[in-house]
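[1] I need the structure of the sequence given here:
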Amino acid sequence: INHDNLDYQATSLLHLRDLRRLDFQINPLDEPNILVRRHVVLISFDPLRAIILADRLIMIVPDGADSILQILEDYINEWNDCKDNRISFETHAYEAILTTVNSLQNQDFNYISKQINEILAYTKHRVMLPVKIEEKMRNLKNSILSMKSRILGHKRVILELLEDDEDMALMNISKLKYNPEYYRMPLIKEILNSHEEIEELLESYLMDYNSIESK
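    Alright, predicted model coming up:
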């Protein structure tokens, strides 16, 4: 092994410990994360965890959440139906995952908002509240705090990635699939300049998260 060359590797190989982070039985409450490895990107944005390759997407969801896969499949099928050769498979997979997570967040927000409005209407002309209503209010408060924590976690991951041009460039797995020698620092200009499409995608979803948070 040439240890001099190892110092210049742009990112490491995929390890078993990386995959363990996606296992709900081993790690049920993993922190949000986007992990860039050679020829693969791992995404953990609960309730979705994904392994993205240049030509396939492997999804992991918790038990009882198979319906989430249907939402994601619809977005993937959009790409299959109107295949645009200018957009790589992995880029569309990133978009499908972020869109699905954002859709689920909006569903949660709308449900919580509806419950809050119902309680406000119920309590408008009442001084004393039944115990069950007080309990429901506490549960809604906990749900709001949990949702806010998830949104802030996702935003943190996206912001950190937006500060790392190299990692964003290395998310273009298709460009590197047949040129593994490009996984070296400093990245060649052709690879480094390819981060702009990923950057635009992440910025658009960051705005969506800001919108949900402001509500």
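
[2] wait, isn't residue 112 in contact with residue 140?
    Yes: between residue 112 and residue 140 there is a contact at 6.1 Å, judged by CB atoms under 8 Å. Quick note: C-beta positions are derived from backbone N, CA and C, even for glycine.

[3] Quick check: the closest residue to residue 165 other than its chain neighbours vs residue 113, distance?
    In space, and not counting its chain neighbours, residue 165 is closest to residue 195: 5.1 Å by CB to CB, 6 or more residues apart in numbering. Going from residue 195 to residue 113 by CB to CB, to the nearest Å gives 36 Å.

[4] tell me the contacts of the residue positioned nearest the centre of the chain?
    The chain has residue 45 as the residue nearest its centroid, 4.2 Å off, counting by CA atoms, centre = their mean. Counting by CB atoms under 8 Å, 6 or more residues apart in numbering, residue 45 touches 32, 97-98, 101, 154, 157.

[5] Switch those over to JSON lines, and while doing so, append pLDDT, secondary structure and distance to residue 125 to every line.
    Converted to JSON lines, the contacts of residue 45 look like this (pLDDT from 0 to 100; DSSP: H, G, I helix; E, B strand; the rest coil; distance: CB to CB, whole Å):
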{"residue": "32", "pLDDT": "91", "secondary structure": "coil", "distance to residue 125": "42"}
{"residue": "97", "pLDDT": "93", "secondary structure": "helix", "distance to residue 125": "46"}
{"residue": "98", "pLDDT": "93", "secondary structure": "helix", "distance to residue 125": "43"}
{"residue": "101", "pLDDT": "91", "secondary structure": "helix", "distance to residue 125": "39"}
{"residue": "154", "pLDDT": "94", "secondary structure": "helix", "distance to residue 125": "39"}
{"residue": "157", "pLDDT": "95", "secondary structure": "helix", "distance to residue 125": "45"}
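
[6] nearest to residue 16, of these?
    Checking the contacts of residue 45 against residue 16 with CB to CB, the nearest one is residue 32 at 21.0 Å.
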